[in-house]
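[1] Take this sequence and fold it.
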Amino acid sequence: MTTNAGENPPDGPPNPGRTGRTSAAGSAAEKSLRLLEAVAAPGGPHRLTDLAAAAAVPKSTAFRVLASLTEQGFVRPEPESRYGVGPRLRLLSALVGGGEPATIGRVLGELQRTTGQTVHLALRGGETITYIRKVEGDQPVRTASRIGMSMPLHSTAIGKSVLAHLPEAEVRALAAATGLPRRTPHTLTTVPELLAELAGVRARGFAVDDEENEPTIRCVGAAVLGPSGRPVGGVSVTTVAFLVPRAEIERYAPALRAAAEALAPLL
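    Residues are numbered from 1 along each chain as shown. Just a heads-up that it's a prediction; the model follows:
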């Protein structure tokens, strides 16, 4: 698990003599919510020490919780041991405030109208991607995907597009942690196969899931990159394999890549 926050967790337990909210900080969920409130407070990105104080939790606990929130995309680590608002928290805020940013909806809607197929937007959270938006296609056949569903990186078009933008050492570590489980007879389940596929993704600028994650489902995906050039997630066009040949879905690549570039500053 990598936080890139630049600060190691402090050693030792918190002072047992402390009183107040820190000594009875509440459940894990309560601590997470208070830390999210602190991260989202004006003047960010905020230092770890200040976030722990604002959320009334020990510094070591704040570090662990923020590491988990970083993996899930709710928090973004910044230089000098600071933490800022992550893409998932920004999108959640927009949804609660009356709907997602219109610009995101327009980008995804335009991609769906251009291709006629189902469009997904997903964010990376550790070893998986999670769908946060889905625009249904024009085909009468509906896919089983849904908002909030998490999927592996190695067997999905969005996941492979994300992996293609990570250092090889990080890809190998993820492969070792997950074991690259077989989802269908077409899933890539060895590191050499996966690395060769990712080289092709980088050369093409998009990834293809050719019934690798789910039988009869074929997708193309492109990564959405953050300011540092690291992938925060991706966008995909999904089809039914017996209706749309691979050659046809690959022709959606220019529109797909344009959508990914348009989404980058919004996420």
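[2] buried set for the least confident helix or strand in the chain by mean pLDDT?
    When the helices and strands of the chain are scored by mean pLDDT, DSSP states H and E, helix 87-96 comes last with a mean of 72. Applying a neighbour-count criterion of 16 or more other Cβ atoms under 10 Å, one finds Pro87, Arg88, Leu89, Arg90, Leu91 buried in helix 87-96. All C-beta spots, glycine's among them, are computed from the backbone N, C-alpha and C.
[3] got it, and stretch 136-151?
    By 16+ other Cβ under 10 Å, the buried positions in stretch 136-151 come out as Gly137, Thr143, Ser145, Met151.
[4] would you list every one of the strands in the stretch 151-267 of the chain?
    Assigned by DSSP state E, counting those that start in this stretch, the strands in the stretch 151-267 of the chain fall at 207-210, 217-225, 231-240.
[5] strands paired with the last one, and their directions?
    Looking at strand 231-240 with DSSP bridges, its partner strands are strand 118-125 (antiparallel), strand 217-225 (antiparallel).
[6] And for the first one?
    Counting by DSSP bridges, the strands paired with strand 207-210 are strand 217-225 (antiparallel).
[7] ok now the strand it pairs with, how far from the chain's centre?
    Centroid separation between strand 217-225 and its chain, computed with Cα atoms, centre = their mean, to the nearest Å, is 13 Å.
[8] just stretch 163-173 next, same as before
    Computed by Cα atoms, centre = their mean, the separation of stretch 163-173 from the middle of its chain amounts to 15 Å.
[9] on that earlier part again, can you name every helix or strand that the least confident helix or strand of the chain contacts?
    Using 3 or more Cβ pairs under 8 Å, 6 or more residues apart in numbering; DSSP states H and E as the contact criterion, the secondary-structure elements in contact with helix 87-96 are helix 28-40, strand 118-125.
[10] Looking at the ones you listed, spot the one closest to Arg106.
    strand 118-125 (12.1 Å; Cβ to Cβ).
[11] CA-only coordinates of the closest one in PDB, if you can.
    Only the C-alpha atoms of strand 118-125 are listed here, as PDB (Å, rounded to 0.1, in the frame of the first residue of the first chain):
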ATOM      1  CA  THR A 118     -22.600   1.700 -23.200                       C
ATOM      2  CA  VAL A 119     -20.100   4.000 -21.600                       C
ATOM      3  CA  HIS A 120     -18.400   3.600 -18.200                       C
ATOM      4  CA  LEU A 121     -16.400   5.900 -16.000                       C
ATOM      5  CA  ALA A 122     -14.400   4.200 -13.200                       C
ATOM      6  CA  LEU A 123     -11.800   5.200 -10.600                       C
ATOM      7  CA  ARG A 124      -9.000   3.200  -9.400                       C
ATOM      8  CA  GLY A 125      -9.000   2.100  -5.700                       C
END
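[12] I appreciate the help and will end here.
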